[in-house]
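> Model the structure of this input:
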Amino acid sequence: MDTKLFETYQRESRKTWNVIEMNHPIVYPTMGLTNEVGELAGKIKKIFRDKGGVISEEDRQALKGELGDVLWYFSQICTELDLSLEEVAQANLEKLFSRLERGKIRGEGDNR
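Alright, predicted model coming up:
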């Protein structure tokens, strides 16, 4: 194994890097949403790892708190895009029922 593989990778990959300005109001809530979804996933992982998947009332309340944080950030992104939560939910239901009717509820890809 090349002992300099990561050194080479780090040096060479830097050639493809550049600064991307992200001074826009949508950036903060997008980063927050990603963080909160990660916290939610971490709590669920630990429930399965440590408790055999049994969700206690304490866990349920903790998950509710994380879901509230997810909802807050999601709502801010919708507001920044001038979309209502209802509009997003309705569009999602239409997409899901279209897939269901066409027998495409399972599988991969947005355009199925």
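> May I see the buried residues of the helix or strand where Thr34 lies?
In the assignment (DSSP states H and E), Thr34 maps to helix 27-51. Buried residues in helix 27-51, counting neighbours by 16 or more other Cβ atoms under 10 Å, are found at 29-30, 32-33, 36-37, 39-40, 47. All C-beta spots, glycine's among them, are computed from the backbone N, C-alpha and C.
> Can you tell me which helices and strands it packs against?
Helix 27-51 sits against helix 57-80, with contacts defined as 3 or more Cβ pairs under 8 Å, 6 or more residues apart in numbering; DSSP states H and E.
> gap between the helix it packs on and the chain center?
Between the centre of helix 57-80 and the centre of its chain there are 12 Å (Cα atoms, centre = their mean, to the nearest Å).
> On the C-terminal side of that helix, identify the next helix or strand.
Remark: after helix 57-80, the chain's next helix or strand is helix 85-101, criterion DSSP H and E.
> Domain map for this structure?
23-81, 84-112 (automatic domain parsing).
> what about stretch 41-61, average pLDDT?
Mean per-residue pLDDT for stretch 41-61: 98.
> Wait, Leu96 touches Ile105, no?
Yes. Contact status for Leu96 versus Ile105: in contact at 7.2 Å, counting by Cβ atoms under 8 Å.
> ok so, going back, mind picking the one among the buried residues of helix 27-51 that's closest to Ile20?
Ranked by distance to Ile20 (Cβ to Cβ), those are led by Thr30 at 13.6 Å.
> Just the pLDDT at that closest one, thanks.
As predicted, Thr30 sits at a pLDDT of 98.
> And it, how close does it get to Glu39?
15 Å (Cβ to Cβ, to the nearest Å).
> Give me the spatial nearest neighbour of Ile55, chain neighbours excluded.
Ile47 (5.8 Å; Cβ to Cβ, 6 or more residues apart in numbering).
> show me what contacts that neighbour?
53-55, 59 (Cβ atoms under 8 Å, 6 or more residues apart in numbering).
> Alright, that wraps it up for me.
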